[in-house]
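In: Sharing a sequence plus its predicted fold:
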Amino acid sequence: MGTWLPGVVVNKKQWSDELFSLQIDAAIPEFNAGQFVRIALDINDERIARPYSCVNSPDEKYIEVYFNIIPDGPLTPKLARLEIGDPLWVWDSVNGLLTLNEVPECRHLWMCATGTGIGPYISIMKTDKVWNRFEKVVLVYATRTFAEMAYQDFINSALNDHGGQFIYCPILSREEKQSMLPGRIPGLIDNGKLEAQAGVEIDAQNSHVMLCGNSGMIADTITVLGKRGMQKHKRREPGHIAMEKYH
């Protein structure tokens, strides 16, 4: 049995009209980069909770979550209105299998995200483990518009720090911008344009693909990768694909 722990907002960033990050001071147990925590508010005498991936690394002091407002949702509009010093609740344990501990041995790690699905990958990239383990780390980040691409300063810093090891492939689906691929992740894998941009192949022998974001992207990408003999990873049946669905 777990329990709710009190937390307080210590920092807030608004990325766009709908995208926000909160840093939270709360005591939670150790976790692995890529896992998620449940955040809650008391609303109309009911505690409303949702899971959010930790953007912070396990070594950082504060919990950080990145989310978008769901207009008719019971929680996110209220979370977006919180300010520094406001209280909330944090569950006393973290969960999730989108971690490096679950990745079989391979040479190339592909981390594919849509929207707020970038969160767990930022956490993973803040650790030494990912850079010590893989020859190539490819981050694929797809949003509708460039204004929705958060954490660009961190990503640029990682590019400076990890040179040829780290490859960044941003994708826009509703506008065009120089050096960014237009389209959707599964289509760009299927037509070979994503691998051409990255200079790295996705194959069953050398690659593991993490998928985080909307369910449509995940389902379609699994189908495309299945054509290459790649399958979902299970502890009892090692595979090539791990996932975390956000909606």
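Out: Ah, there it is. Numbering: from 1, shown residues only.

In: Note down every partner strand of the strand or helix carrying I167 and its orientation.
Out: Element membership for I167 (DSSP states H and E) is strand 166-172. Applying DSSP bridges to the sheet, strand 166-172 is found paired with strand 136-143 (parallel), strand 181-182 (parallel).

In: Give me the contact list for the helix or strand of the chain with the lowest mean pLDDT.
Out: Sorting the helices and strands of the chain by mean pLDDT, DSSP states H and E puts strand 241-245 at the bottom, at a mean of 91. With CB atoms under 8 Å, 6 or more residues apart in numbering as the test, strand 241-245 has contacts from 36, 53, 96-98, 102-103, 117, 120, 208-215, 218, 222, 225, 230-233. All C-beta spots, glycine's among them, are computed from the backbone N, C-alpha and C.

In: Apply 7 Å and report the result again.
Out: The contact list for strand 241-245, computed with CB atoms under 7 Å, 6 or more residues apart in numbering, reads 96-98, 102-103, 120, 209-212, 215, 218, 222, 225, 230-233.

In: per the record, what domains does this protein have?
Out: 4-95, 100-245 (automatic domain parsing).

In: Next, format those as JSON lines and append mean neighbour count.
Out: Output for the domains of the chain, formatted as JSON lines (neighbours: other CB atoms under 10 Å):
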{"stretch": "domain 4-95", "mean neighbour count": "17"}
{"stretch": "domain 100-245", "mean neighbour count": "18"}
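
In: for the least confident helix or strand of the chain, the distance to its chain's centre please.
Out: With CA atoms, centre = their mean, to the nearest Å as the basis, strand 241-245 stands 10 Å off its chain's centre.

In: how about it as CSV, C-alpha atoms only?
Out: Written as CSV, here are the backbone C-alpha positions of strand 241-245 (Å, rounded to 0.1, in the frame of the first residue of the first chain):
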residue,chain,number,x,y,z
ILE,A,241,10.6,-2.1,-29.0
ALA,A,242,9.6,-0.6,-25.7
MET,A,243,6.7,1.9,-25.3
GLU,A,244,4.8,4.2,-23.0
LYS,A,245,1.4,5.5,-24.2
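
In: And Q165, how far from I43?
Out: Distance, Q165 to I43, using CB to CB, to the nearest Å: 45 Å.

In: Tell me how far the strand holding I167 lies from the chain's centre.
Out: 14 Å.

In: Show me what that strand is in contact with.
Out: Outside strand 166-172, the residues that touch it by CB under 7 Å, 6+ apart are 136-143, 145-146, 149, 155, 158-159, 180-183, 185, 188, 194, 197-200.

In: now stretch 198-216
Out: If you take CB under 7 Å, 6+ apart as the criterion, stretch 198-216 is touched by 98, 103-104, 106-115, 117, 120-121, 136, 138, 167, 169, 189, 195, 218, 221, 225, 228-230, 240-247.

In: Then stretch 8-17?
Out: Outside stretch 8-17, the residues that touch it by CB under 7 Å, 6+ apart are 20-25, 62, 82-88, 147-148, 150.

In: which residues in this structure form helices?
Out: Ranges of helices in the chain, per DSSP state H, are 76-81, 119-125, 128-133, 152-162, 185-190, 193-198, 215-226.
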